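[1] With the input below, show me the fold.
(one chain, ligands or ions: 2)
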Amino acid sequence: MKNIALLGATGSIGSNTVDVVLSNPDKFKIVSLSFYKNVEKGKELIRKLKPLYVAVGSSETAQELAPLFPKVSFGCGVSGLNEAATLSEVDLVLTAVSGSVGLFPTLAAIEKGKIIALANKEALVMGGELVMKAVYRQQISLLPVDSEHSAIFQCLQGQQRKDVSSLLITASGGSFRDLSRQQLEQVTVEQALQHPNWSMGSKITIDSSTMMNKGLEVIEAHWLFDMDYDKIKVVLHRESIVHSMVILKDGAYLAQLGPSDMREPIQFALTYPKRMTIQNARPFDLSEIGSLHFEKMDF
Ligand code: NDP
Ligand code: MG
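    Ligands and ions are numbered 1, 2, ... in the order given. Reported below is the predicted structural model:
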């Protein structure tokens, strides 16, 4: 049984993680969780998951919920997130809050020797050096959840670091990939939120439409895999079937492929180094997909 702290339980990654956990109740238990403003969904999750500790967005929310759930301890703000991440019962912290606030509980959890399953890429973008120094000092595992980084991590299994020549990150291109510069002047937020391949939270979907997300992912890969920036390339791949690749020094390309289903990288981070059947897997047939395309990114 692995005890999990799920930070950002009400979000898109959070919901996929709850799905994986509830499909495997003999393997995982969420012992602490956090949410921010979505109190109704948060209450539903507390009823369903029965955590020991919950971090919420404000002290008012904590005061409102405490009498409703007398067996649960509540905290709020950054201190609440840190507490949820460092509870003594926690083995693994899945960081699925969005934005820079994720850095603090990530660092606090590493200092306490917890395994980190990292979805919150902002922690590495903001504090990559700090985080990686703490990871090496504490000798903990930092497991990527971001699909491209999970793909690279999976391709690296069994490889020697000295044999890796470069990394190739795939990009779907986001909602505006087929628009000209002139057409981009007319776009709306609603259009930006229509991602062609993935269903995700609003910040990352907007970041995908502007390609900023890919920039953040290059920085994330630099820190996670200790790779120079000039050895991390990005290629446009509309189908999002190849989640990313590793190029070895003998010219071999290793790729990880699959459906656009975040439960796969989430589950691999939770079960690593083991594998498990995924419940209700999405249909995936390469012969139906037919062909895959890779295009140069043209900025
Ligand atoms: P969502 O917007 O769907 O969820 C964000 C979560 O964080 C919610 O639980 C939200 O609470 C909580 N939250 C937001 N702001 C704060 C804050 N200031 N303090 C505490 N909690 C906060 O985001 P995603 O699930 O899409 O993304 C989460 C992280 O994972 C991001 O860093 C993103 O880049 C990364 N990621 C996401 C992917 C995806 O497929 N969605 C893929 C790869 C990486 P509430 O809802 O209660 O307000
Ligand atoms: Mg990604």
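
[2] quick one, helices of this structure?
    Counting by DSSP state H, the chain has helices at residues 12-23, 39-49, 59-65, 77-86, 103-111, 122-138, 147-156, 181-184, 189-192, 202-209, 212-224, 263-271, 286-289.

[3] pLDDT score assigned to the residue of the chain found nearest ligand 1?
    Nearest residue of the chain to ligand 1: Gly11, at 2.0 Å (CB to the nearest ligand atom). Any C-beta I mention is one placed from the backbone N, CA and C, and that applies to glycine too. pLDDT for Gly11: 98.

[4] burial count for the closest residue to it other than its chain neighbours?
    Leaving out its chain neighbours, the residue that sits closest to Gly11 by CB to CB, 6 or more residues apart in numbering is Gly201, at 5.2 Å. By other CB atoms under 10 Å, 20 other residues sit near Gly201.

[5] and Gly201, what are its phi and psi?
    phi -60, psi 160 (degrees, to the nearest 10).

[6] what about the protein, any weak spots by pLDDT?
    By pLDDT under 70, the weakly predicted segments of the chain are 298-299.

[7] For it, what lies in contact range of ligand 1?
    Neighbours of ligand 1 within the chain, by CB under 6 Å from any ligand atom: 8-14, 34-38, 42, 96-99, 101, 119-122, 146, 198, 200-204, 262.

[8] Against ligand 2, which of those make the cut? List them.
    Asp146 (CB under 5 Å from the ion).

[9] from the residues of the chain next to ligand 1, which would you call buried?
    Among the residues of the chain next to ligand 1, those classed as buried by 16 or more other CB atoms under 10 Å are 8-14, 34-36, 38, 42, 96-98, 101, 119-122, 146, 198, 200-201, 204, 262.

[10] What residues does the residue in the stretch 101-250 of the chain that ligand 2 sits nearest to make contact with?
    Per CB to the ion, Asp146 is where the stretch 101-250 of the chain lies closest to ligand 2, at 4.3 Å. The contact partners of Asp146, by CB atoms under 8 Å, 6 or more residues apart in numbering, come to 118-119, 121, 217, 220, 265.
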